[in-house]
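K.L.:
Here you go, sequence then predicted model.
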Amino acid sequence: MSQLQYYLAVVAGGICAAALGFSLLTPLESGLLLKAFLAVGTLSLLRFVVPLGLWIDGAIAVFGAVALLTTLGVYAPTPAFFWLALVGAWLFSWLFVERLSHALAWRISDSAGLGLLIPVMFGLTILVIWEVVTRAGNVPQVILPPPSMIGARIMASLPTLWADFQQTFLKAVLIGYVLGCGLGFVVAILIDRSPFLKAGLLPLGNFVSALPIVGVAPIMVMWFGFDWPSKAAVVVIMTFFPMLVNTVAGLNASSVIERDLMRTYAAGYWQTLMKLRLPAAGPFIFNALKINSTLALIGAIVAEFFGTPIVGMGFRISTEVGRMNVDMVWAEIAVAAVAGSVFYAGVALIERGVTFWHPSVRGA
Amino acid sequence: MKRVLPIIVVLIAIVLVWYAAAIGMNAQWQSDVYRRANVTDVPFTQFAMDTWNQEKPVLPTAHQVFGELYNSTVLVAPNKPRSLLFHAWVTFSATALGFVMGSLLGIGLAVLIVHNEAMNRSLMPWIVASQTIPILALAPLIVVIGFNIFTGTLGIPTDPARLISKAIISAYLSFFPVAVGMVKGLRSPEAIQLDLMHTYNASANQTFWKLRWPAAVPYLFTSLKVGVAASLVGAIVGEMPTGAVAGLGARLLAGSYYSQTTQIWAALFAASILAALLVIAVGVVEKLVNRSMGARPA
């Protein structure tokens, strides 16, 4: 057991013991589950006599989370030992993650499934702390609604969310993304044949990539109207330059010796392009596709701040903020987060299939 | 000269396309103007000149945009709300504050991640995931709610509160490149170099300050350049929703409300110039730091 784990174990057990002591001041029958968790947490101090497996720490952490969530609302002014129990449960989950990652570091071979458990545990810990703190601490809903309330809001307003998703994601983002990336790709292949154009356009492309391009949103809304085409236009402009720059860089990725080999095969320009240079450019192109997947969503949502028909994620967010319906805002953000992550993951998955030969894919 | 010539040619081509497009896009309005004035048989040169000098054109031309830039920077005192310098300063202060906060956060996270395996495994996936979330969507929430918390609960005066709310968005956007770049940089020393530190009986602290940190400096500056550009985007977007009256983003929004196209374009160009200056500034600092660290010029 490392030093950090030692301290974590001592503090977690100690806090549980202290909280158990405080909790004995309340009537015994209230919050039984929480008291049971505190007792178990205190008993874990026995680990210095009998070693405990890391899974037991995990189980204690999960038990603590369940106990905290079910005890919410039992005590009207939240007592101090409740907060101590929260800290204790958090320390147990930290200890578990710490020990699990140590265990994984020693036997790297079967880390695939278990390795995923650590970030999941982290995310769940954050969610539980968020829920417990907002509800037990009576945080005003306007500042931060608890996750359960956001979930309930998502369930209650599925049709609205779906309509917004359709408007913003399926129309503006996807169409703009395909057009912008496709255009960047084609232009890159065209200027690749002319070193002069390449020398002129690449520095500009790099420069434009650093500019705050979302600023064109009001102009596009003025040109293409309030509906989705103006949002798609913003997305096209935002995704074009990363794609252009990356594709040009990728087309230069194949080495001279490989191109010479193609020449000895008497391969023409197109054959060299299709069989050598484009596959070699794959990692660069997918890099741009991944960057663009997040840029596209940002562009579409920001463009909606400048005027939309009365549907769309950005529209909903800006109006519901004005009406202080913060749970609806968070529901939209949750949808956007899921959409963005799935979009990114989809592109990454395709990348694994297409550029299977690349060391970064083979190594993993 | 060989490197500059193609860029100049492309720039000239862009300007030519720009003016040609301005004729096409402003033509409709211009012919309406002629029809109402009962003017017929306008020679093409006259027509083109008129489309290039409209009051509220669909596409303002370069000389109009730069004229507006000149008018609103040189001809107006910089402390007046009509001056673009005033707005640029407001945006810049939010950008700089957010950039500093985001960079420190990113560096801190990277140090934690490099030194603790559990942090690496639990934080890294979420840091990456945080960027697939269109965080700018949160901008109105942070600006409005944050502003209310800062002024209401914490009792901060309005102007700093607005600044902090915008800076939070900037910080969120800029911490990611810095964190990822610094993780890479702090891990860049090779095993043989780390082993050497071992043979010197160097503590973790010494290894960090004498090996890992200097090795990470080039990565740091590369990611700072990306981060400062992202910060500016965050500050501008933070100014767009809900009643900001100062800043380049507010200028864009006001321009779009009143169809002041030239004003929008001027604000956009000002933002671009600011972005370029910020990136150049980071580059200059990088050069100075490299020189003081004794790096050989590449």
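P.N.:
Arrived safely. This structure is a prediction, so every number in the text was calculated from the model and none was measured.

K.L.:
Could you use CA atoms for every contact and neighbour count after this?
P.N.:
Noted.

K.L.:
tell me which parts of the stretch 251-364 of chain A are close to chain B?
P.N.:
By CA under 8 Å from any CA of the partner chain, the residues of the stretch 251-364 of chain A that approach chain B are A:293-295, A:297-298, A:301-302, A:305-306, A:314, A:317-318, A:321-322, A:326, A:329, A:333, A:336-338, A:340-341, A:344.

K.L.:
contacting residues around stretch A:56-71?
P.N.:
Outside of stretch A:56-71, the residues within contact range by CA atoms under 8 Å, 6 or more residues apart in numbering or on different chains are A:31, A:33-34, A:37-38, A:40-41, A:82, A:85-86, A:89-90, A:92-93, A:95-96, A:128, A:132.

K.L.:
Check stretch B:32-51 too.
P.N.:
B:22, B:23, B:26, B:27, B:30, B:57.

K.L.:
among the residues you listed, which are in strands?
P.N.:
When the contacts of stretch B:32-51 are checked against strands using DSSP state E, none is located there.

K.L.:
which two of these lie the greatest distance from each other?
P.N.:
Greatest spatial distance among the contacts of stretch B:32-51 (CA to CA): B:22 and B:30, at 11.2 Å.

K.L.:
Spell out for me which residue occupies the centre of chain B.
P.N.:
residue B:232 (2.7 Å; CA atoms, centre = their mean).

K.L.:
Give me the distance between it and residue B:275.
P.N.:
Separation of residue B:232 from residue B:275 (CA to CA, to the nearest Å) stands at 7 Å.

K.L.:
Likewise for residue A:200?
P.N.:
20 Å.

K.L.:
neighbour count winner among these two?
P.N.:
Taking neighbours as other CA atoms under 10 Å in any protein chain shown, residue A:200 and residue B:275 compare with residue B:275 leading, 25 against 20.

K.L.:
That one is in what secondary structure piece?
P.N.:
helix B:261-292 (DSSP states H and E).

K.L.:
returning to what we had before: quick check: mean pLDDT of the stretch of helix or strand the residue nearest to the centre of chain B belongs to?
P.N.:
Secondary structure assigned from DSSP H and E places residue B:232 in helix B:213-239. Model confidence over helix B:213-239, given as mean pLDDT, is 87.

K.L.:
Kindly report the same for stretch A:345-353.
P.N.:
87.

K.L.:
what does stretch A:277-290 give?
P.N.:
pLDDT averaged over stretch A:277-290 gives 87.

K.L.:
contact partners of that stretch?
P.N.:
By CA under 8 Å, 6+ apart, the list of residues contacting stretch A:277-290 reads A:181, A:242-243, A:246-247, A:249-254, A:344, A:347-348, A:351, A:354-355, A:358.

K.L.:
so does the helix holding residue B:232 get close to chain A?
P.N.:
Yes: counting by CA under 8 Å from any CA, chain A is contacted by helix B:213-239 at B:226, B:229, B:230, B:232, B:233, B:236, B:237.

K.L.:
thought the third one was touching residue B:174?
P.N.:
Right, the one you point to is residue B:230. Yes: between residue B:230 and residue B:174 there is a contact under CA atoms under 8 Å: 5.5 Å.

K.L.:
Looking at those two, which is more packed in?
P.N.:
residue B:174 (33 against 26).

K.L.:
list the contacts for that one?
P.N.:
By CA under 8 Å, 6+ apart, the neighbours of residue B:174 are B:98, B:99, B:102, B:103, B:226, B:227, B:228, B:230, B:231.

K.L.:
what kind of secondary structure is residue A:254 in?
P.N.:
Recorded secondary structure, residue A:254: coil (DSSP: H, G, I helix; E, B strand; the rest coil).

K.L.:
okay, now the domains of chain A?
P.N.:
Annotated domains of chain A cover A:3-139, A:154-363 [automatic domain parsing].

K.L.:
Give me every residue in the stretch 101-250 of chain A lying close to chain B.
P.N.:
By the rule CA under 8 Å from any CA, the part of the stretch 101-250 of chain A lying against chain B is A:101-102, A:115, A:118-122, A:142-143, A:196-197, A:199-201, A:203-204, A:207, A:210-212, A:214-216, A:218-219, A:222-223.

K.L.:
Can I have the buried ones of the residues you listed as a PyMOL selection?
P.N.:
PyMOL command restricting these to the buried ones, with burial defined by 16 or more other CA atoms under 10 Å in any protein chain shown:
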select buried, chain A and resi 101+102+115+118+119+121+122+143+196+197+199+200+201+203+204+210+211+212+214+215+216+218+219+222
